[in-house]
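Peer 1: sharing a model prediction with you, sequence too.
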Amino acid sequence: MKKKDNTLTKVEFQVMSILWDINHSACAWDIIERWEEPKPAYTTIATYLKMLYERGYVDFFKNKGEGKTHMYVAKIGRAEYTRRTMQEVKKNFFDGSIKSMFSFFVKEEHLSADDIRELLGMLEEDKS
């Protein structure tokens, strides 16, 4: 995956979210079926899937006997994409400092001391 192409656009993210939710191979029609109204044109989704393939986010195959239908599968999971994106945010906006990033969100979201204790408790639970 090219470094400069790391972040998904809003529509690319929507396509990937649907693929992640389906959790197996899907064709463009499967994606359109799950899309909120107004539904995009088939060619629009096909174009985005081609772009996602070229950028290394999805792979495709054809089922024998099903004509030209491409079946797409995510090559990267939602958690991995989130991890990579947050690493980029930390690096680009917070000089690589998780403390600066956390401090920003604590202030920006107006977290209380109780909220912070709850978060710390969740981290402790994850360790065990």
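Peer 2: Great, that's in hand. Numbering: from 1, shown residues only.

Peer 1: now the helix or strand bottoming out on mean pLDDT in the chain, how far from the centre of its chain.
Peer 2: In the chain, no helix or strand scores lower on mean pLDDT, DSSP states H and E than helix 113-127, which sits at a mean of 88. A distance of 25 Å separates the centroid of the chain from that of helix 113-127, by Cα atoms, centre = their mean, to the nearest Å.

Peer 1: just the helices in this protein please.
Peer 2: Using DSSP state H, the helices of the chain run over residues 10-22, 28-34, 42-54, 78-94, 98-108, 113-127.

Peer 1: and the longest one, how far out from the chain middle?
Peer 2: Taking Cα atoms, centre = their mean, the mean C-alpha location of helix 78-94 is offset from the chain mean by 11 Å.

Peer 1: related to what we said a few turns ago, okay, the helices of the chain in TSV with distance to N63 and mean neighbour count next?
Peer 2: Placement of C-beta: from N, CA and C, glycine included. Output for these, formatted as TSV (distance: least, Cβ to Cβ, whole Å; neighbours: other Cβ atoms under 10 Å):
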stretch	distance to N63	mean neighbour count
helix 10-22	16	17
helix 28-34	13	17
helix 42-54	16	17
helix 78-94	25	13
helix 98-108	44	12
helix 113-127	40	9
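
Peer 1: can you give me the domain assignment for this protein?
Peer 2: Following automatic domain parsing, the chain resolves into domains at 7-78, 97-128.

Peer 1: right, so of those domains, which gets closest to E88?
Peer 2: Closest of the domains of the chain to E88 is domain 7-78, at 7.1 Å (criterion: Cβ to Cβ).

Peer 1: between the two ends of the closest one, how far is it?
Peer 2: One end of domain 7-78 sits 13 Å from the other (Cα to Cα, to the nearest Å).
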